[in-house]
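Q: any chance you can model this:
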Amino acid sequence: MSDWAKEAAQRLRAAEQARRQSDQDSEEDLRILRFHAPRLWIKLKESIGANCQALTVETGLPVVETSLSPPSGLRVKRLVPPAVLTVDFNEDPYRVSYSCGGGRGEYRISADANGSASFRDAYHQRFTVQEVSRKLLDLLLQAPF
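A: Next comes the predicted model:
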């Protein structure tokens, strides 16, 4: 057998092994996301609700109202001046999108190397549930309309 054939066969075997490993990693990431993404969404809704209640207690006034919007969304309404933050969970492709006034965006839910999942922005920066909750509520409180 020629040296070229040996090298080519070795490269083909290495490429096939890399493809199989990539497929296994993708399957593991999907398993992690299927398990953790809905739980992160529930935690985010709870965190937003708790922060809204704490704001009402701190100010002594009803500043915001929260309500669930079907099928898997959340609305937070600033009472004075009026503004609305809408947050939706999309289980495929595991994203939380939001809109408030003229602003809109999304956080992607990604599998982490340690077997957990976290929120990521467009720049792939990692955020905790509490950080996303605060960022979204800050967006609402700063919205001009």
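
Q: helices along the chain, start to end?
A: 3-59, 129-142 (DSSP state H).

Q: so can I have JSON lines of these showing distance to residue 81, mean neighbour count and mean pLDDT?
A: Glycine gets a C-beta too; all of them are placed from N, C-alpha and C. Output for those, formatted as JSON lines (distance: least, Cβ to Cβ, whole Å; neighbours: other Cβ atoms under 10 Å; pLDDT from 0 to 100):
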{"stretch": "helix 3-59", "distance to residue 81": "15", "mean neighbour count": "13", "mean pLDDT": "89"}
{"stretch": "helix 129-142", "distance to residue 81": "11", "mean neighbour count": "18", "mean pLDDT": "96"}
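
Q: which one of those lies closest to residue 95?
A: Closest to residue 95 of these, according to Cβ to Cβ: helix 3-59, at 9.1 Å.

Q: distance between the closest one and the chain's centre?
A: Remark: helix 3-59 is offset 11 Å from the chain centroid, using Cα atoms, centre = their mean, to the nearest Å.

Q: and the angle from it to helix 129-142?
A: With axes from the mean of the first three to the mean of the last three Cα atoms, to 10 degrees applied, the angle from helix 3-59 to helix 129-142 works out at 60 degrees.

Q: could you list every helix and strand that helix 3-59 packs against?
A: strand 64-69, strand 73-78, strand 83-90, strand 103-111, strand 117-120, helix 129-142 (3 or more Cβ pairs under 8 Å, 6 or more residues apart in numbering; DSSP states H and E).

Q: and the angle for that helix with strand 64-69?
A: 130 degrees.

Q: show me what stretch 93-109 is in contact with.
A: 33, 36-37, 40-41, 44, 83-90, 110, 117-122, 127, 132, 136, 139-140, 143-145 (Cβ atoms under 8 Å, 6 or more residues apart in numbering).
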